[in-house]
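Colleague: Sequence and predicted model, in that order:
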Amino acid sequence: MRAILIESEGAAPRLVEDAEESLLDGAVALDVQCSSLNYKDAMALAGRGIVRTYPLIPGIDLVGTVTDSADAAFSPGDQVVLTGDGIGELRHGGLATRARVRPDALVHLPASLTAQRAAAIGTAGFTAMLAVLRLEDAGLTPADGDVLVTGASGGAGAISIALLAGRGHRVIASTGRAEENGDFLRSLGAAELLDRRELSEEVGRPLQHQRFAAAVDGVGGTTLANTLAQTVHGGTVAAFGLAQSPDLPATVMPFILRGVTLAGITSVICPRPLRERAWAALAQELDPALLDSLTTTIGLAEALPLAEQILAGRVRGRTVVEVGR
């Protein structure tokens, strides 16, 4: 088994060509084809507080083929995808050629998706779809007005733009790299770009000009506080990230005077029916050519030096890891 392994707290992760498969524990055994690199993975590889047990194989996503299963829902030969459920944090994850996982969060791969494209979607795309579903389940329609996406150049932000635009919403993309990424964000469907400094530099008044019908936030901190203050009466903000800060320097005024809803989005613990709903929608709605344009593919050894670049915000879109090369 070839794997990236973090052996102890403070130890640098390393690529192991002959890792012991006895490390693995789970009811469903897999040959892993692809994983991906997310912000969480970069934090794990950089030793920034994500890993909670050692030794650990990181990687919060995996796509593979079942080789053995103690669960009747899965059989050898099934193509499956797994995101979250503690892999890459509490349980061994996808940055290896083999895995054993719990069946609880495992989903059969939609027939229209290749392993590479499913990995490109990964946690980022799955989280983006959960956010979009939450907004629309709350009643959002395209007629309601502009939808803000913060952290727009990241994987989850980029896919959120594509999904929202594909459903007819007018999307405003907040980015700190408009000159560099403007054409890219417009190609995803962004109708307007917003300099992130307008939201991120200082906290404004508790209630500001009502600007956004809804928002998808992957940033947190001051950005989220100002987003809430600029959301229209009855609007919803779906939040899943803390790239700026986990703090929320806001008041309750948007909630109790404008009826704004702050909806937390977690993709780690998610019931299977919702997982299946989200993956079915992703397979149907994401244009394969657009998804490919978002994706860079690397080998397992290349994952290690990329972590700091991801944390510094220098990686755009999605990074797929083909673990066999």
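Modeller: That came through, no problem.
Colleague: ok, the residue lying closest to P110 once chain neighbours are set aside - how many residues close by?
Modeller: Distance criterion Cβ to Cβ, 6 or more residues apart in numbering; nearest residue to P110, sequence neighbours excluded, is A283 at 3.6 Å. In short, each C-beta sits where N, CA and C put it, glycine included. When counting by other Cβ atoms under 10 Å, one arrives at 17 neighbours for A283.
Colleague: For the one helix or strand A283 maps to, which residues meet the burial criterion?
Modeller: Assigned by DSSP states H and E, A283 falls within helix 272-285. By neighbour count on 16 or more other Cβ atoms under 10 Å, the buried set for helix 272-285 is R275, A278, W279, A281, L282, A283.
Colleague: Now the most centrally placed residue in the chain: closest residue in space that isn't a chain neighbour?
Modeller: Geometric centre of the chain, nearest residue: A124, 1.9 Å, by Cα atoms, centre = their mean. Leaving aside its sequence neighbours, A124 sits nearest to G155 (Cβ to Cβ, 6+ apart; 3.4 Å).
Colleague: check contacts around the closest residue in space to E7 that isn't next to it in sequence.
Modeller: The shortest distance from E7 to any non-neighbouring residue, by Cβ to Cβ, 6+ apart, is to P55 (4.6 Å). Neighbour list for P55: L5, I6, E7, S8, L23 [criterion: Cβ atoms under 8 Å, 6 or more residues apart in numbering].
Colleague: bridging residues for the second one?
Modeller: Beta bridges link I6 to L56, judged by DSSP bridges.
Colleague: That one touches P13, doesn't it?
Modeller: Yes - between I6 and P13 there is a contact at 4.6 Å, judged by Cβ atoms under 8 Å.
Colleague: Identify the contacts common to those two.
Modeller: In contact with both I6 and P13: A44, L45, P58, using Cβ under 8 Å, 6+ apart.
Colleague: Out of those residues, who's the most crowded?
Modeller: That'd be P58 among the shared contacts of I6 and P13, by other Cβ under 10 Å, with 29 neighbours.
Colleague: Quick check: closest non-adjacent residue to it.
Modeller: What sits nearest to P58 in space, not counting adjacent residues and going by Cβ to Cβ, 6+ apart, is A44, at 4.3 Å.
Colleague: The one you found and A238, how far apart?
Modeller: Computed as Cβ to Cβ, to the nearest Å, the A44 to A238 distance reads 24 Å.
Colleague: could you give me the average pLDDT of stretch 148-165?
Modeller: Averaging pLDDT along stretch 148-165 gives 94.
Colleague: Off-centre distance for that stretch?
Modeller: Averaging C-alpha positions (Cα atoms, centre = their mean, to the nearest Å) puts stretch 148-165 10 Å from its chain's average.
Colleague: got it, and stretch 94-111?
Modeller: 17 Å.
Colleague: Break down the chain into its helices, ranges please.
Modeller: 39-45, 115-137, 155-166, 178-188, 197-200, 221-229, 253-257, 272-285, 288-294, 303-311 (DSSP state H).
Colleague: Do you know the pLDDT at the residue sitting furthest away from the middle of the chain?
Modeller: Most distant from the centre of the chain: L257, at 31.6 Å, with distances by Cα atoms, centre = their mean. pLDDT for L257: 98.
Colleague: just Q309 next, same as before
Modeller: So Q309 comes in at 89 (pLDDT).
Colleague: And R205, by the same measure?
Modeller: For R205, the model assigns a pLDDT of 96.
Colleague: Thought Q230 was touching it, still the case?
Modeller: No - look at R205 against Q230 with Cβ under 8 Å: they stay out of range, at 9.9 Å.
Colleague: neighbour-wise, which of these two wins?
Modeller: Higher neighbour count among R205 and Q230: Q230, with 23 against 11, using other Cβ under 10 Å.
Colleague: Does H92 touch I57 like I think?
Modeller: Yes - contact between H92 and I57 holds when scored by Cβ under 8 Å: they sit 4.1 Å apart.
Colleague: neighbours of V63, just the number please.
Modeller: Using other Cβ under 10 Å, V63 is surrounded by 29 other residues.
Colleague: check contacts around it.
Modeller: V63 neighbours (Cβ under 8 Å, 6+ apart): 32-35, 79-82, 94, 109, 115, 118-119.
Colleague: For it, give the beta-bridge partners.
Modeller: C34, V81.
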